[in-house]
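**Student:** Next comes the sequence, and after it the predicted model I'd like to discuss.
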Amino acid sequence: MTGTQHSSGASGSDRGLARLTTLRLGGPARAVVECRTTDDLLGAVADLDARGEPVLVIAGGSNLVIGDAGFDGTAVVIATTGVEYGEQDGRPYVTALAGTDWDALVAETVDAGFGGLECLSGIPGAAGTTPVQNVGAYGVEVADMLRSVRLVDRHTGEVSWVTPDSLALGYRTSVLKGHDRHLVVAVSFWLRPDGTSAPIRYRELARALRTHEGGTARADEVRDHVLALRAGKGMVLDAADHDTWSAGSFFTNPIIAEDDADAVLARIADRVGGDVTIPRYPATGGVKLSAGWLIERAGFTRGFPGDEAPARLSTKHTLALTNRGTATTADLLALAGRVRDGVRDAFGVHLVPEPVLVNCRLPR
């Protein structure tokens, strides 16, 4: 088998998957294969598929919750790195191999004098994972700048570049999410040539930059402010800060169907008080609400349920569920279930987990 392999006879720490996730949770795999080249990655996955071996692909591990029992198969770690720049019809772009650290890629494009990706600074994980769930932050989504994705079809072995319109990119989703037939091996993004940012659409960021919504700024300045805002919410990885031992935002912001919106908003207003402004945003097919705001108004404060709990809400941001160093995946999911049920009982709104759950699930 290609790649660097930790076989089934390796130590538990070698096969442990917790070290490969930002939550630092999860049991062992039967084997772990690390692939540093695209050829190794394609060869390893093809070999495992041919043998009928279950495969768990890990790239960055920032949006992954793995059960305490681990994974009964082989974990393939995408460690391919490499960045190239190009130009098409006078428009610059950057292409990165799937295992390239995402924030390092954003930093490199900004340092090279380009704009476009700066609002996505500080997001942990690998470049190849970003189109899978259409990663977004501070008013920008991957879909806004995505040029193409290189995929391998694990059923046929075909490797091809596809354009964004074939991926059904939506709010934190795509045709790639929740399916394992296609494997991302590289991604390409359009860039802004003049070092200016994408239009600033997020009010908090606009205020920090002292500009108006819809305006632009220097990409490096925007990146600095985004990193500062994220750090203040515990959303920039720091091994010494347990608030960052998370999978980022654990729940997606719920989208309420247009026909149900008035009733849901009335129920929320009745609970929190009619004079309170309920954060809401237009969304395809309905109204998007703030999951973090709902969690807090349902009674779940920062740091819930308290200092002694092994899994807690972040002390900086209620949308992040964190491992305080001794948690199990079961602890984390029990907390997630309490939060989900509390928001449902208070407001009739159902929260959906954003991370991929492997060999585990929230309590029913």
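**Tutor:** Happy to help now that I have it. Numbers count the residues shown, from 1 in each chain.
**Student:** Extract the residue ranges of the stretch 1-150 of the chain that are flagged as low pLDDT.
**Tutor:** The stretch 1-150 of the chain contains residues with pLDDT under 70 at 1-13.
**Student:** got the residue ranges for the strands in it?
**Tutor:** Applying DSSP state E, counting those that start in this stretch to the stretch 1-150 of the chain gives strands spanning 4-6, 29-35, 55-58, 64-66, 71-78, 83-88, 91-97, 136-137, 140-141, 146-153.
**Student:** With residue 336 as the reference, name the closest of those.
**Tutor:** strand 64-66 (8.8 Å; CB to CB). C-beta here means a position set from N, CA and C on the backbone, and glycine is covered the same way.
**Student:** Packing partners of that closest one?
**Tutor:** Contacts defined by 3 or more CB pairs under 8 Å, 6 or more residues apart in numbering; DSSP states H and E place strand 64-66 against helix 329-347, strand 356-358.
**Student:** Tell me which of these sits most buried.
**Tutor:** Of all the helices and strands packed on strand 64-66, helix 329-347 carries the top mean neighbour count, a mean of 19, counting by mean count of other CB atoms under 10 Å.
**Student:** CA atoms only: put that helix into PDB for me.
**Tutor:** In PDB, the C-alpha atoms belonging to helix 329-347 read as follows (Å, rounded to 0.1, in the frame of the first residue of the first chain):
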ATOM      1  CA  THR A 329     -17.200  11.900  22.500                       C
ATOM      2  CA  ALA A 330     -20.100  10.600  24.500                       C
ATOM      3  CA  ASP A 331     -19.800  13.600  26.900                       C
ATOM      4  CA  LEU A 332     -19.700  16.000  24.000                       C
ATOM      5  CA  LEU A 333     -22.700  14.500  22.300                       C
ATOM      6  CA  ALA A 334     -24.700  14.400  25.500                       C
ATOM      7  CA  LEU A 335     -24.100  18.100  25.900                       C
ATOM      8  CA  ALA A 336     -25.100  18.700  22.200                       C
ATOM      9  CA  GLY A 337     -28.300  16.800  22.800                       C
ATOM     10  CA  ARG A 338     -29.200  18.900  25.900                       C
ATOM     11  CA  VAL A 339     -28.600  22.100  23.900                       C
ATOM     12  CA  ARG A 340     -30.600  20.800  20.900                       C
ATOM     13  CA  ASP A 341     -33.500  19.700  23.000                       C
ATOM     14  CA  GLY A 342     -33.500  23.000  25.100                       C
ATOM     15  CA  VAL A 343     -33.700  25.100  22.000                       C
ATOM     16  CA  ARG A 344     -36.500  22.900  20.500                       C
ATOM     17  CA  ASP A 345     -38.500  23.000  23.800                       C
ATOM     18  CA  ALA A 346     -38.100  26.800  24.100                       C
ATOM     19  CA  PHE A 347     -38.700  27.900  20.600                       C
END
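**Student:** what is the mean pLDDT for that helix?
**Tutor:** Average pLDDT, helix 329-347: 98.
**Student:** Stretch 246-260 too?
**Tutor:** 96.
**Student:** how far is that stretch from where the chain is centred?
**Tutor:** 14 Å (CA atoms, centre = their mean, to the nearest Å).
**Student:** Name the residues of it that are buried.
**Tutor:** 246-256 (16 or more other CB atoms under 10 Å).
**Student:** Secondary structure element holding residue 224?
**Tutor:** In this structure, residue 224 sits in helix 219-232 according to DSSP states H and E.
**Student:** counting contacts, what elements does that helix pack onto?
**Tutor:** Using 3+ CB pairs under 8 Å, 6+ apart, helix 219-232 sits against helix 102-111, helix 203-209.
**Student:** Could you give the separation of the last one from the chain centroid?
**Tutor:** In this case it means helix 203-209. With CA atoms, centre = their mean, you get 22 Å for helix 203-209.
**Student:** mind giving me the domain ranges of this protein?
**Tutor:** Under the assignment automatic domain parsing, the domains of the chain span 4-78, 83-232, 242-358.
**Student:** Can you measure across the longest one, start residue to end residue?
**Tutor:** It stands for domain 83-232. End-to-end distance of domain 83-232 (CA to CA, to the nearest Å): 30 Å.
**Student:** do the same with the last one
**Tutor:** With CA to CA as the measure, the ends of domain 242-358 fall 22 Å from one another.
**Student:** And the closest residue to residue 314 other than its chain neighbours, how close does it get to residue 356?
**Tutor:** What sits nearest to residue 314 in space, not counting adjacent residues and going by CB to CB, 6 or more residues apart in numbering, is residue 320, at 4.0 Å. When CB to CB, to the nearest Å is applied, the distance between residue 320 and residue 356 equals 16 Å.
**Student:** now residue 197
**Tutor:** 30 Å.
**Student:** can you check residue 153 too?
**Tutor:** From residue 153 across to residue 356, the span is 20 Å (CB to CB).
**Student:** same thing with residue 337?
**Tutor:** Counting by CB to CB, the gap from residue 337 to residue 356 is 17 Å.
**Student:** how about the helices of the stretch 151-300 of the chain, start to end?
**Tutor:** Counting by DSSP state H, counting those that start in this stretch, the stretch 151-300 of the chain has helices at residues 203-209, 219-232, 258-272, 291-297.
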